[in-house]
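Asker: next come a sequence and a model predicted from it.
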Amino acid sequence: MAGLSLYFEDGHDDLDDFGFDDYGSECDGIRITAFLDAGQDNLTPLGRLEKYAFSENVFNRQIVARGLLDVLREFSDNENDFVAVMETVARMSEDGEPTVRAELMEQVPNIAMFLHESRPNFPAAFSRYLVPIVVRYLTDPNNQVRKTSQAALLVLLEQGLISKSDMENKVCPVLLDLTEPSSDDDYKIEAVAIMCKLVTMLSRDTVEHLLLLRFCELCSDARLFQVRKVCAANFGEFCSIVGQDATEKLLMTKFFDLCSDSLWGIRKACAECFMIVSNSTSPEVRRTKLSPLFISLISDQSRWVRQAAFQSLGRFISTFANPSSTGLHFREDGTLREIAKSPPEKCEPPDCSELARSCQRERPVESGQSLTPVPGSDTAETKIASGEGQEQRSPALSHGVGGEPQQSDDTYNSFYYWRPPLPDISQDLELLKKDEVEEEEDEEEDEEEVEVEVQGEVSSLGSQGPATSSQIQKVLDCLQPHLDDPDVQAQVQVLSAALKAAQLESQSEEGEQEEAMMDPSGTAEAPAPDPSPPPASAPVCPPPANTQPLTEAEPPGSPQSPPSSLLPLEDADQSNVESAELIESVEEGKGFAPNQQYEEEKSKVQNVIPQQLLDQYLSMTDPTRAQTVDTEITKHCAFSLPGVALTLGRQNWHCLKDTYETLATDVQWKVRRTLAFSIHELAVILGDQLTAADLVPIFNGFLKDLDEVRIGVLKHLYDFLKLLHTEKRREYLYQLQEFMVTDNSRNWRFRYELAEQLILIIELYSHYDVYDYLRQIALTLCSDKVSEVRWISYKLVVEILQKMYSGGAQDLGLNFINELIVRFCHCPKWVGRQAFAFICQAVVEEDCMPMDQFAQHLLPSLLSLASDPVANVRVLVAKALRQSILEKTYFKDPGSAYSDELEETVIALQADKDRDVRFFASLDPNSSVMDTAALI
């Protein structure tokens, strides 16, 4: 401030004339409008403003520009003076000095806010005087002035100070002129940047009518790569504003061009905004067009593009999520909850349901089996769709054969196919078991004798292919109206692959059959077709012998029985051979060793998202990716895994299970920490059964990990435990004590978080468990060295006491009270005695126990602390008595046995020698008081 005099040195003026004579050189601040004060020139304030606003000294003009807000405050009371000041501002905006113009533009947002708050005719004044200045400065030749005007324009839009008409008639036309092909390069680049930032603050109509077409032209600017890069970086904002129709009609082709641009920086920008673009398209476009485009970015030649694509992969996959199929949706607070589904309408007669569900129970879950229906096979799909009664199907099942399946127009109901209610039908299947034994033995002998005849048998089925294809197609038609159901989606996938296999079989030449029949290397002529279902088309309700039925512990989407692994997706011949081998191994009681690799490949198959996207996501845990793409690629994979799991649904969890286990054992603690913070969300997505089977072991591993990982589990401990069954939840009672031990004893926030979680966890356990396990942890935390931990722990003690009495365990509550008295009321340290006073007050305020019990067991000990030698203890006693206890009706009653004793104690505290004690003992309970937490 010492050099301020230089600002106002004209050749013929004296410093005193400017009103700064009252301020010394060492003052911390000055009033900028001091030049308006009366001086020796006898000019009016407006005259002095005119004089210095257009002074020949540039520093004088800068000071006036900097003080315009204060000047307006001085003249805001008089309308004529206000208009005169605004006219002066408009003339100053034409100043030839760039620094003056920049100073003026910096004050425009502040002036606009002042006018908006204090002037009733703000819109007219702002539109008339200030908006033209902002618009004109967008084309100013000075770079600093342009940058300042751009920043001011964004602030004005964020505050909603510019009207829609001004934007459409004054601002947007200037931006369109600056983005013309013939415009200057610097102006054009800046205008594109400001236009892209403006779209998020403009209405959809304004963007569509004024800016959308120009934006499409700029995306194809062949001369300036900076323009294309800015467009690519802000492409998502444009898509989200204009909506799905305009995005798919106008913007999608431009996005494809930008994704294939020759510059890697533009392709990288496209990869970063891919999720927003995907959200603005239809599911069909997302699957058929955007997915292949994203795969090309993942395999881009530039490492930086691949890195950005992999970071966006999980977010892009999450755009495929459909609440109707996942059964989950987000609340307003961001938490997940299940959607309550109404019972589906039945499409079968009631007598069909039991058999359909029993077929589901007895159905083997081995993935080698094929579900291809053929003539003579009584599959569940055809029977359910045909609507035949149980009386009609029982004879067919008894003999293992049936007539041609008939289709009905009844609606398909997924409830009867995938849901696992398990009625006992063992007696009904005994007949089937006896009739099938001989046929199975004959089939085994034939296959052992001549292994090559398996292929001949499968080929012979090809002649029946057309009938099979038509049957499968009819079933698929019945399933189409119910594709929102995840179970139906799995069935469609299975039957689609079966249809493909059947079609391939139907195209085989009849010569193969004849060649197989006349093969001289065969032992004899080919066996006649067996009336029982051949291995290549195992029925949905197979014989129960040597099979492993689905149990109640394995839901239809569990990793043990994934729906998507029931049907091979390779060519028909190979699948038929492998199906025969699998059935043979089942009948012989063997495992599936020959098909383990094939089984692993099929376990990753699903139909929710394009398979290539899932394969690329699963490959993010490959160690080579860290070397060729990004060293933290596994962290990005872990971060987006809950979103991917939500998209795929719990029925496809088997696709992610191995990847999740790999991430959970990653050597980087940051990866494990990310999983620990989201494991409770994943538990909601998967449900209780999959959580108990797959997440609980990983959760247990996190409990023994580093503190950086354990804190993620601890912060959501309650959210995770409440999803477990009671018995599984009780197992963690023994492990809660382990949270008391940390790698760094100074990490008190860890113990604070534990106390907060225990307050919530109390409701999950019985009062006996709380007393046996949580009580000791709470008492230990109450003796912590850090006051914040003790403060929250006292609340935990109160919650435990409330649990005792609300559960009817008064004996446990009395034992706990006696322990509190011994540990705190008789504590040799004043902090413990003070804590007892606080606990008593909280017990009364929360109504944790009946007041007669409180008066009998806690009140005498509390009153004994009224004469404590430490003033801080007596302060809490006075506060508890005055604000809580004496406000209870039980103690207010004149006939109360404790009213006299309480009154005497309060009077004694009001006469205490300590000022704070007297204050709280005399304070009106209804008045607001200071928080005494700092005293604890």
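Answerer: It's in.
Asker: ramachandran angles for residue 606?
Answerer: phi -150, psi 180 (degrees, to the nearest 10).
Asker: from residue 842, how far off is residue 905?
Answerer: Separation of residue 905 from residue 842 (CB to CB, to the nearest Å) stands at 19 Å. The C-beta positions use only the backbone N, C-alpha and C, and glycine is treated the same way.
Asker: what does residue 244 give?
Answerer: Taking CB to CB, one finds residue 244 at 55 Å from residue 842.
Asker: circling back to that earlier point, who's more crowded, residue 905 and residue 842?
Answerer: residue 905 (22 against 19; other CB atoms under 10 Å).
Asker: skipping adjacent residues, who's closest to that one in space?
Answerer: Sequence neighbours aside, residue 866 is the residue nearest to residue 905 in space, at 4.9 Å (criterion: CB to CB, 6 or more residues apart in numbering).
Asker: and that neighbour, which of the three is it?
Answerer: Under DSSP: H, G, I helix; E, B strand; the rest coil, residue 866 falls in the helix class.
Asker: quick one: contacts for it?
Answerer: Contact analysis of residue 866 by CB atoms under 8 Å, 6 or more residues apart in numbering lists 874, 877, 878, 881, 905, 908, 909.
Asker: show the buried residues in those.
Answerer: The neighbour count (16 or more other CB atoms under 10 Å) marks 874, 877, 878, 881, 905, 909 as buried among the contacts of residue 866.
Asker: wait, the fifth one sits on residue 885?
Answerer: No - between residue 905 and residue 885 there is no contact under CB atoms under 8 Å: 9.9 Å.
Asker: show me the contacts for residue 750.
Answerer: Here residue 750 is in contact with 707, 710, 711, 714, 739, 742 (criterion: CB under 8 Å, 6+ apart).
Asker: and it, which of the three is it?
Answerer: Secondary structure for residue 750, judged by three-state DSSP, is helix.
Asker: okay, it and residue 712: tell me how far apart.
Answerer: Relative to residue 712, and taking CB to CB, residue 750 is found at 12 Å.
Asker: what's the helix or strand for residue 96?
Answerer: Under DSSP states H and E, no helix or strand contains residue 96.
Asker: now do the phi/psi pair for it.
Answerer: phi -80, psi -10.
Asker: please point out which parts of stretch 131-146 sit buried.
Answerer: 131, 133, 134, 135, 136, 137, 138, 139, 140, 145, 146.
Asker: can you check the pLDDT for residue 49?
Answerer: At residue 49, the pLDDT value in this model is 76.
Asker: ok, it - how many residues close by?
Answerer: 24.
Asker: try residue 821
Answerer: 18.
Asker: so it sits against residue 833, correct?
Answerer: No - shown here, residue 821 and residue 833 do not form a contact pair, counting by CB under 8 Å, at 10.7 Å.
Asker: give me the buried positions along stretch 223-231.
Answerer: In stretch 223-231, counting by 16+ other CB under 10 Å, buried: 226, 227, 228, 229, 230, 231.
Asker: out of those residues, which sit inside helices?
Answerer: 226, 227, 228, 229, 230, 231 (DSSP state H).
Asker: got a list of what the spatially closest residue to the second one that is not a sequence neighbour touches?
Answerer: Read that as residue 227. In space, residue 227 comes closest to residue 221 once its chain neighbours are excluded; the distance is 4.3 Å by CB to CB, 6+ apart. When contacts are counted by CB under 8 Å, 6+ apart, residue 221 touches 227, 228, 231.
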